[in-house]
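Peer 1: What would the 3D arrangement of this be:
(chains A and B)
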There are 2 protein chains.
Amino acid sequence: MNRINYPLIDFDEAWRCISTLISPLPPILQPLTDLLGHVLAEEVIAPEDIPSYPTAAMDGYAIIAADSAPYRHIIAEQTAGRSQPVRVEIGTAVRIMTGAPLPLGADAVIRVEESEEKDSMVRFFSAVSAGENIRPVGQDLAAGVVVLPLGEVLGPAEIGLLASIGCTNVRVYPRPRVAVMATGSELVPPEEIPIHGKIRDSNSYILLAAVAAAGGRPIHLGIIPDSISAQRAAILDGISCADMVLVSGGVSMGTHDFVKPLLNELGDLHFGQVAIKPGKPFTFATVNNVPVFGLPGFPVSSFVVVENFIRPALRVMAGHRRLWRPTCTARLRHTIQHAPDRTEFQRAVVIEQDHIYWAETTGIQVSSRLQSLVGANALLRIPAGVADLSAGAEVTALLIDQPEVI
Amino acid sequence: MNRINYPLIDFDEAWRCISTLISPLPPILQPLTDLLGHVLAEEVIAPEDIPSYPTAAMDGYAIIAADSAPYRHIIAEQTAGRSQPVRVEIGTAVRIMTGAPLPLGADAVIRVEESEEKDSMVRFFSAVSAGENIRPVGQDLAAGVVVLPLGEVLGPAEIGLLASIGCTNVRVYPRPRVAVMATGSELVPPEEIPIHGKIRDSNSYILLAAVAAAGGRPIHLGIIPDSISAQRAAILDGISCADMVLVSGGVSMGTHDFVKPLLNELGDLHFGQVAIKPGKPFTFATVNNVPVFGLPGFPVSSFVVVENFIRPALRVMAGHRRLWRPTCTARLRHTIQHAPDRTEFQRAVVIEQDHIYWAETTGIQVSSRLQSLVGANALLRIPAGVADLSAGAEVTALLIDQPEVI
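Peer 2: Here you go, the predicted structure:
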């Protein structure tokens, strides 16, 4: 296999290319107990009014508001769980609990705190108007109304709403299955002590966790040695069991970097170099319509590519409309040396103080140094074309976690 | 059982009471593949230098920088996975791949892009200085250094770092197990069609999802009818299998509201009323040192209590130091009518426009109306003591999701 010089494309062109070739996965029916974080693939309409009958909004007594009797005879008790066909008349009241159906004849509920009960008789300290402390039919939800629009992200409240209207199986976009492999004969699993020349695989674990954190379902394909046939088999294995494949390593210019030529052979290689730092060898192909991403072997490069491309791509496939992390404009606490030929992403801690965001570097930014990511809550984006930046300069910060407030 | 008037305490007193009675759970050893979101319960020290030998930072040729020979003889190839005991001398070079150990004698790597190779000879278009394109010993991590401090939240980067130093079992705080039950004879499971007087249980599903979203492990105990013995058995069941118990409903002033007297009988009831709206009947007890929370039966009240008390309490138990949602100061797009006797939480959508946050109500704020939570990304906190607010007034918004940017 020959070294090919892949054209170097810029950040926006790379994302445009990816976004035109991926789309939301075919919807599935999912049960109520496994909906959290899923995106709705249908519009949900209220099948009935809620409540479907008038109910008490307070614990107290169901009465006729216009009744002026000083004492009223308690003729029944109505709880939410147990109701009976009684009718409230002038001079009578029904003891009623929150949520219980309002008895016939009654038009208001007077709160228990406003009452004194003795020997089946009740006296009230105040009056109420008709309709007071009553939840009328359809107050919470009217039949036929759109309860949840297509594209809604399902959180606890939305899931509760679906339960309340009896929607126990819902059409949602599935969580994408993502196969993860790390290539390289130098890699050993983390539980092994590496002999001279070997190192532990850390990228797989970053990618597996990043996929899970982005809402995907990671599939671990393990370490694949620097052998064309082994890597070919692993990529084919990946596209057969997953909706997306992540291949870590093997995308540099070395003689043992087989991933790009292999992807070219197996499918369509769309790009093989992007003008970002770190992450230049980032590669994108489709094999049997399955997106396959080649990620640089250095863990920080890998992380930067995941945040900027893989996470948004996963979110597209999971049906999300909001793809991007929130950003803020932050002032630098330090200088940044920047080669203007590429868009650079530096790891930083963003701190909010008196409504101003300050960015502090996490130290040496070399792309093998995972520790530059520890505690980082932001990636500072320094666009191509910009030269070195001095302290105090403003940059865009991609917030990968919430800013510290001091 | 008698109605007891529990003293009404304010928001801060309620949280103080909870926070003095809960603490992080005893740490457990957890494998690398199941660390995401866990909090570290130990300090992790680097056991060795990384890299432990000098390696190539680029694909290229390992050379002696001071060598001025125009052509050099290629004596070997060094890949990351396969290295051999060769020595670079004046006039020679070793073909080397990113991550491969630097051969003896060599003091720099010259990039492949700066070279032309022919018949085992290589010519360079530029020069390098000693040390260039080399990752020295300990560059990424020096032995003995604190890699991750106690209390660090483990995300993809931290997990990768642990893998790289061979930490495959790590002491972390466990995810709290939370037992969830909904009380009320009026409740039927969501898959049933409720007959007159019955409603579907939605609270359980809100709570199960909210617990999972907050990093807990929900245990579903189902619907418990309004029977003292059934509720007693369910609470005892809950404290035997979980680290926290959530009881929905049964905390009002009605004759069938058994939860408070039961908690008083089974353990210590710390408070039974909080001056918040919605959520006033919110109850906290400990039974055999297990925190048990009584939540109002209306779903929105339940949600407000979960956001303000249950989620932070769960985070304490999971070892987190940052307990609270981010907040912002938002300007009202609408007026708010507010009774100043309680701290009120209104559901809203917060939109960021030109660095100003605007809050828009989600409609009727009645506490049975779950739809007031759909699409809400914020709870507006209107403190006790404050009267009605006009449009344009500033309020504190608790951000339960990220603000929309327009």
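Peer 1: where does the stretch 51-200 of chain A have low pLDDT?
Peer 2: Low-confidence segments of the stretch 51-200 of chain A, defined by pLDDT under 70, span residues A:81-83.
Peer 1: ok, A:Phe271 touching A:Asp10?
Peer 2: No: at 10.3 Å, A:Phe271 does not count as touching A:Asp10 under the criterion of CB atoms under 8 Å. C-betas here are computed from N, CA, C, even on glycine.
Peer 1: The two: who's more crowded?
Peer 2: Ranked by neighbour count (other CB atoms under 10 Å in any protein chain shown), A:Phe271 and A:Asp10 place A:Phe271 first, with 18 against 15.
Peer 1: Quick one: residues contacting that one.
Peer 2: When the contact criterion is CB atoms under 8 Å, 6 or more residues apart in numbering or on different chains, the partners of A:Phe271 are A:Tyr6, A:Pro7, A:Ile9, A:Glu13, A:Ala14, A:Cys17, A:Phe282, A:Thr283, A:Phe284.
Peer 1: I'd like the distance between the closest residue to the first one other than its chain neighbours and A:Pro296.
Peer 2: Read it as A:Tyr6. Residue nearest to A:Tyr6 in three dimensions, not counting chain neighbours: A:Gly272, with 3.0 Å by CB to CB, 6 or more residues apart in numbering or on different chains. Counting by CB to CB, to the nearest Å, the separation of A:Gly272 from A:Pro296 is 12 Å.
Peer 1: Now do the same contact list for the residue nearest to A:Tyr6.
Peer 2: The contact partners of A:Gly272, by CB under 8 Å, 6+ apart, come to A:Ile4, A:Tyr6, A:Pro7, A:Val251, A:Lys260, A:Pro281, A:Thr283, A:Gly294.
Peer 1: Among those, the buried ones, what's the PyMOL command?
Peer 2: Here the buried members of the contacts of A:Gly272 are turned into a PyMOL selection, burial being counted by 16 or more other CB atoms under 10 Å in any protein chain shown:
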select buried, chain A and resi 6+251+260+281+283+294
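Peer 1: residues in contact with A:Val245?
Peer 2: Under the criterion of CB under 8 Å, 6+ apart, the contact list for A:Val245 reads A:Val178, A:Ala179, A:Met181, A:Ile235, A:Gly238, A:Ile239, A:Val287, A:Val290, A:Pro291, A:Val292, A:Phe293.
Peer 1: make it 6 Å
Peer 2: A:Ala179, A:Gly238, A:Ile239, A:Val292 (CB atoms under 6 Å, 6 or more residues apart in numbering or on different chains).
Peer 1: so the third one sits in a strand?
Peer 2: No: using DSSP: H, G, I helix; E, B strand; the rest coil, the secondary structure at A:Ile239 is helix, not a strand.
Peer 1: Could you tell me how many residues sit around it?
Peer 2: 20.
Peer 1: is it true that it touches A:Ala285?
Peer 2: No: at 10.2 Å, A:Ile239 and A:Ala285 do not qualify as touching, with contact defined as CB atoms under 6 Å.
Peer 1: Would you mind measuring from A:Gly238 to chain B?
Peer 2: In this structure, A:Gly238 lies at 18 Å from chain B, with CB to the nearest CB, to the nearest Å as the measure.
Peer 1: With A:Val109 instead?
Peer 2: In this view, A:Val109 and chain B are 12 Å apart by CB to the nearest CB.
Peer 1: swap in A:Glu307?
Peer 2: Noted for A:Glu307: a distance of 9 Å to chain B, by CB to the nearest CB.
Peer 1: same question, A:Ser240
Peer 2: As for A:Ser240, its distance to chain B is 22 Å (criterion: CB to the nearest CB).
Peer 1: what's the answer for A:Ala210, then?
Peer 2: When distance is defined by CB to the nearest CB, A:Ala210 is 4 Å away from chain B.
Peer 1: Does that residue lie in a helix or a strand, and which?
Peer 2: Here A:Ala210, judged by DSSP states H and E, is contained in helix A:203-213.
Peer 1: The residue in the stretch 101-250 of chain A positioned nearest to chain B: how many residues sit nearby?
Peer 2: Closest contact between the stretch 101-250 of chain A and chain B, by CB to the nearest CB, is at A:Ser185 (2.4 Å). Applying other CB under 10 Å, we find 18 residues neighbouring A:Ser185.
Peer 1: Same question for A:Ala384.
Peer 2: The burial metric for A:Ala384, expressed as a neighbour count using other CB under 10 Å, is 16.
Peer 1: looking at it, it is touching A:Thr343, isn't it?
Peer 2: Yes: assessed by CB under 6 Å, A:Ala384 is found in contact with A:Thr343 at 5.0 Å.
Peer 1: Pull the number of nearby residues for A:Gly91.
Peer 2: Neighbouring residues of A:Gly91 were enumerated by other CB under 10 Å; the total is 14.
Peer 1: What of the one 10 residues further on?
Peer 2: A:Pro101 has 22 neighbours, counted by other CB under 10 Å.
Peer 1: likewise the one 3 residues further on?
Peer 2: Neighbours of A:Leu104 under the rule other CB under 10 Å: 12.
Peer 1: thinking again about what came up before, so how far is the helix holding A:Ala210 off the chain centroid?
Peer 2: A distance of 15 Å separates the C-alpha centroid of helix A:203-213 from that of its chain, computed with CA atoms, centre = their mean, to the nearest Å.
Peer 1: now for that helix, which elements pack on it?
Peer 2: On a contact count with 3 or more CB pairs under 6 Å, 6 or more residues apart in numbering or on different chains; DSSP states H and E, helix A:203-213 meets strand A:177-183, strand A:217-224, helix A:299-305, helix B:156-164.
Peer 1: Ok, which of the ones you listed comes nearest A:Ala397?
Peer 2: When the helices and strands packed on helix A:203-213 are ranked by distance to A:Ala397, counting by CB to CB, first place goes to helix A:299-305 at 13.7 Å.
Peer 1: Pull the closest one out as PDB, backbone CA atoms only.
Peer 2: Output for helix A:299-305, consisting of C-alpha atoms alone and laid out as PDB, is shown next (Å, rounded to 0.1, in the frame of the first residue of the first chain):
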ATOM      1  CA  PRO A 299      -5.300  10.400  23.300                       C
ATOM      2  CA  VAL A 300      -5.700  14.200  23.500                       C
ATOM      3  CA  SER A 301      -6.000  14.400  19.700                       C
ATOM      4  CA  SER A 302      -8.600  11.700  19.900                       C
ATOM      5  CA  PHE A 303     -10.500  13.500  22.600                       C
ATOM      6  CA  VAL A 304     -10.500  16.800  20.600                       C
ATOM      7  CA  VAL A 305     -11.900  15.000  17.500                       C
END
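Peer 1: what sits up against it?
Peer 2: Contact with helix A:299-305 is made by A:202-203, A:206, A:278-279, A:282, A:295-296, A:345, A:367, A:370, A:373, B:157, B:160, as judged by CB under 6 Å, 6+ apart.
Peer 1: buried stuff in the following helix or strand past that helix?
Peer 2: For helix A:299-305, the following helix or strand on the C-terminal side (DSSP H and E) is helix A:311-317. With burial defined by 16+ other CB under 10 Å, the residues of helix A:311-317 counted as buried are A:Arg311, A:Pro312, A:Ala313, A:Leu314, A:Arg315, A:Val316, A:Met317.
Peer 1: One more: stretch A:237-252?
Peer 2: Judged by neighbour count using 16+ other CB under 10 Å, the buried positions of stretch A:237-252 are A:237-239, A:242-252.
Peer 1: Same question for stretch A:109-118.
Peer 2: Of all the residues in stretch A:109-118, those buried under the rule 16+ other CB under 10 Å are A:Val109, A:Ile110, A:Arg111, A:Val112, A:Ser115.
Peer 1: Sounds good, over and out.
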